[in-house]
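Visitor: Model the following, please.
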Amino acid sequence: MRTRQILVGAVVSLLLIAPGCIDKGVSFSRDVKPILDEHCLACHQSGEEGYLVSGLSVESYDDLMRGTKYGPVVMPGYSFSSTLQILVEHKADPSINMPKRRMRLSQDKIEIIGTWISQGARNN
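Guide: From the prediction side, this is the model:
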């Protein structure tokens with residue numbers, strides 16, 4: 001019983017001392033959409049090459065979740081098997097890794113996308 005009280009006390013103390021350390025989650029609009037806009041939108045919007053080839057638009061959350069003409073690119077809760085994550089991590093064939101003609105995403109940006117997908121890929 002005493003061990004349990006100590007553990008509960010420690011958890012409460014951590015929550016009171018370091019509220020900024022609590023993961024509030026990744027937001028599509030705040031965190032993911034700006035990455036897509038900067039690195040993907042130029043090609044993956046209506047009328048552009050990436051859209052014409054694959055059917056993928058990143059103009060909106062709904063467009064992204066609709067996926068490509070070949071199927072979905074985001075599997076909510078499963079970043080490791082989501083095509084989007086695989087492509088931005090450069091774990092696919094080099095001819096289809098993304099972005100194509102731009103600098104590769106930083107590890108931080110890749111992790112943001114992966115965390116968002118793992119957290120359920122919500123429209124938040």
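
Visitor: okay, and for the chain, where does confidence drop off?
Guide: For the chain, the stretches with pLDDT under 70 are 1-23.

Visitor: Where do the helices of it begin and end?
Guide: Counting by DSSP state H, one finds helices in the chain at the ranges 2-17, 33-39, 49-54, 61-66, 83-88, 107-118.

Visitor: buried stuff in the fourth one?
Guide: Buried positions in helix 61-66, judged by neighbour count with 16 or more other Cβ atoms under 10 Å: 61, 63-64. All C-beta spots, glycine's among them, are computed from the backbone N, C-alpha and C.

Visitor: mind checking how far it is from the chain centre?
Guide: From the chain centre to the centre of helix 61-66 is a distance of 13 Å (Cα atoms, centre = their mean, to the nearest Å).

Visitor: cool, and the third one?
Guide: The gap between where helix 49-54 is centred and where its chain is centred comes out at 21 Å by Cα atoms, centre = their mean.

Visitor: And for the fifth one?
Guide: Taking the mean C-alpha point of helix 83-88 and that of its whole chain, the gap between them comes to 9 Å (Cα atoms, centre = their mean).

Visitor: next one: the last one
Guide: Taking Cα atoms, centre = their mean, one finds helix 107-118 lying 4 Å from the centre of the chain it belongs to.

Visitor: Can you spell out which helices and strands pack onto that helix?
Guide: Helices and strands touching helix 107-118, by 3 or more Cβ pairs under 8 Å, 6 or more residues apart in numbering; DSSP states H and E, are helix 33-39, helix 83-88.

Visitor: Need the residues that contact it.
Guide: With Cβ atoms under 8 Å, 6 or more residues apart in numbering as the contact definition, helix 107-118 has outside contacts at 26-28, 31-32, 35, 39, 74-79, 82, 84-85, 88-89, 105, 122.
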